[in-house]
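Asker: requesting a structural model of the entry that follows:
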Amino acid sequence: MMIFILLFIRLFVTLQPNMEELQFSAIVLLTLLLLKLLLMPRKVTLNTVVERARWLMIIGITLLDLQFLLQYTLGLRALGVTQAVLLNLLVFIPCSWIISLAIIYLQRQGKLNRADKLVGSVTWALAILLLGIAAAIDGQPLMSDSPKLFYAEITASFLYLTMQGHYTWRLLTNLRAMRLDLQNYYDHDMDHMLVWMKYSTIVLGFLAIMVPMLIFIQNRVLAIFTILFFISIFYLVDTFCNYMLSSAPKKMAKVETGSLQNTSEQESSATVPEASASGTVEARTLNASLIKKWIENGGFRHCGLTMPAAAGKIGIPRYLLSAWLKQQDLTYAAWITALRIDEAKRIIKEQPQWTNEAISQYCGFSDRSYFQKKFKESTGMTPAEYGETIKQ
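Answerer: A predicted model of the protein is given here:
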């Protein structure tokens, strides 16, 4: 971070940004981030999905580091913007593609579809072909500014933006699916695990917009965008590493396994006449009756109650509980939270002497802060304020 501070001081105090200093700073920063990725603890390497995603990120950051190293050693900015643009595009396209794949690999538990693999490689191939043809037919030395090569670079930049637009869409789509899976497995909000993924997706989209500016503009504006670029890359890699070190990958793997088992049970039931009959009015009534009985017995008050565990306690397969919740237009976490809030309201009314800590534990909330947060979201009041309205 001292690198950023020194750059900001030079930029805004002396107002004389130096491109060589910025490039050197980028080399130092990216090398340090690369070392952080390479020196991850052994527990990270034991998870196959995480380990492969880590190596994809390592490849992406290595390419980016090499790009700045070449820019610095060859002094391409001094030779002319066209040569710098050529190198930037030939490196930024595969770099963004591979970094996006690293995050998608984590999101999809190692399952990359054909489009994920092809869009980036095809974009890169088209950019190389386009730039190569422009350089060949121009008749000018490659290390000199060329109008035809310049227009080819503009087109390649558009291809890059289109590619990253596709991966941004894929990342956001996967993120929404992950959130829904979490909400239909755990009994409380787990979105905090994925906050970094949301902002990293925004960062990648921001970089895609920023790169053409980094390529075609110069002087002080270029320095400002370069510093923003540094901060964005630092955030992306740092949060990626923190995610790998956390328990989040294991939790997501558990959710994925549960989801696959749920799908398998549902598919198996379709081939069994007795199980298929679960969709009848009588069966749905029986399921609703079992759920109601479980609620009346306070089964929802167990903290850390996952959806498979709840279905087992109720006495129905998970896919039937999932289907029932879908009919109610609820996720599992929202349903359990609503039941616990209603129970908390009852306790506040009948046992006004109870503390928030006692109420949260009794109703099944993970802690007092989470209980108070959810209670206010549901009622618009704190538990204490709700208690006062009852007294009135």
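Asker: so where's the chain shaky on pLDDT?
Answerer: 1-18, 76-85, 138-146, 211-223, 262-283, 392 (pLDDT under 70).
Asker: per-domain residue ranges of it.
Answerer: 2-248, 273-391 (automatic domain parsing).
Asker: export these to CSV and tack on mean neighbour count?
Answerer: In short, each C-beta sits where N, CA and C put it, glycine included. Listed next are those as CSV, based on neighbours: other C-beta atoms under 10 Å:
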stretch, mean neighbour count
domain 2-248, 17
domain 273-391, 16
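Asker: the ones you listed into JSON lines, with extra columns for distance to Lys254?
Answerer: Shown next, in JSON lines, are these (distance: least, C-beta to C-beta, whole Å):
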{"stretch": "domain 2-248", "distance to Lys254": "8"}
{"stretch": "domain 273-391", "distance to Lys254": "9"}
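Asker: go through these and name the closest to Val255.
Answerer: Closest approach to Val255 among those (C-beta to C-beta): domain 2-248, 4.6 Å.
Asker: host element of Ile291?
Answerer: helix 281-296 (DSSP states H and E).
Asker: quick one: contacts of that helix?
Answerer: Contact with helix 281-296 is made by 277-278, 300, 310, 313-316, 320-321, 324, 339, as judged by C-beta atoms under 8 Å, 6 or more residues apart in numbering.
Asker: so which of those residues sit within strands?
Answerer: Under the assignment DSSP state E, these contribute nothing to strands.
Asker: list just the nearest of those residues to Phe24.
Answerer: Ala310 (56.7 Å).
Asker: quick one: that closest one and Leu321 touch, right?
Answerer: Yes: counting by C-beta atoms under 8 Å, Ala310 touches Leu321, with 6.8 Å between them.
Asker: find the residues that touch each one of those two.
Answerer: Tyr332.
Asker: which strands or helices does the helix or strand Thr239 falls within pack on?
Answerer: Taking DSSP H and E as the criterion, Thr239 maps to helix 219-245. Applying 3 or more C-beta pairs under 8 Å, 6 or more residues apart in numbering; DSSP states H and E, one finds that helix 219-245 makes contact with helix 2-9, helix 19-38, helix 42-45, helix 48-74, helix 81-107, helix 195-216.
Asker: mind putting those helices in CSV, distance to Tyr186 included?
Answerer: Converted to CSV, these look like this (distance: least, C-beta to C-beta, whole Å):
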stretch, distance to Tyr186
helix 2-9, 37
helix 19-38, 29
helix 42-45, 22
helix 48-74, 20
helix 81-107, 17
helix 195-216, 16
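Asker: what's the angle between the helix ranked longest in the chain and helix 81-107?
Answerer: Scanning the chain for the helix with the most residues, using DSSP state H, yields helix 147-183. Angle, helix 147-183 to helix 81-107, by axes from the mean of the first three to the mean of the last three C-alpha atoms, to 10 degrees: 20 degrees.
Asker: which helices and strands does helix 147-183 pack with?
Answerer: Helix 147-183 packs on helix 81-107, helix 114-138, helix 195-216, helix 248-270, helix 332-350, going by 3+ C-beta pairs under 8 Å, 6+ apart.
Asker: tell me what angle that helix forms with helix 332-350.
Answerer: 50 degrees.
Asker: and the closest residue in space to Ile314 that isn't next to it in sequence, how far from Leu37?
Answerer: Closest residue to Ile314 apart from its sequence neighbours, by C-beta to C-beta, 6 or more residues apart in numbering: Trp294 at 4.6 Å. As judged by C-beta to C-beta, to the nearest Å, Trp294 and Leu37 stand 47 Å apart.
Asker: and Asp116, by the same measure?
Answerer: Taking C-beta to C-beta, one finds Asp116 at 21 Å from Leu37.
Asker: try Ser322
Answerer: 38 Å.
Asker: now Tyr386
Answerer: Applying C-beta to C-beta to Tyr386 and Leu37 gives a distance of 49 Å.
Asker: now Ile233
Answerer: Ile233 is 12 Å from Leu37, by C-beta to C-beta.
Asker: what sits in contact with each of those two?
Answerer: Counting by C-beta under 8 Å, 6+ apart, the residues touching both Ile233 and Leu37 are Ile61.
Asker: out of the helices and strands packed on helix 147-183, nearest to Leu33?
Answerer: Once the helices and strands packed on helix 147-183 are compared by C-beta to C-beta, helix 81-107 is nearest, at 11.6 Å.
Asker: can you tell me which helices and strands the closest one packs against?
Answerer: Helix 81-107 makes packing contacts with helix 48-74, helix 76-79, helix 114-138, helix 147-183, helix 195-216, helix 219-245 when contacts are defined by 3+ C-beta pairs under 8 Å, 6+ apart.
Asker: what's the angle between that helix and helix 114-138?
Answerer: 170 degrees.
Asker: and helix 81-107, how far out from the chain's middle?
Answerer: 18 Å (C-alpha atoms, centre = their mean, to the nearest Å).
Asker: likewise for stretch 119-137?
Answerer: Taking mean C-alpha positions (C-alpha atoms, centre = their mean), stretch 119-137 and its chain are 30 Å apart.
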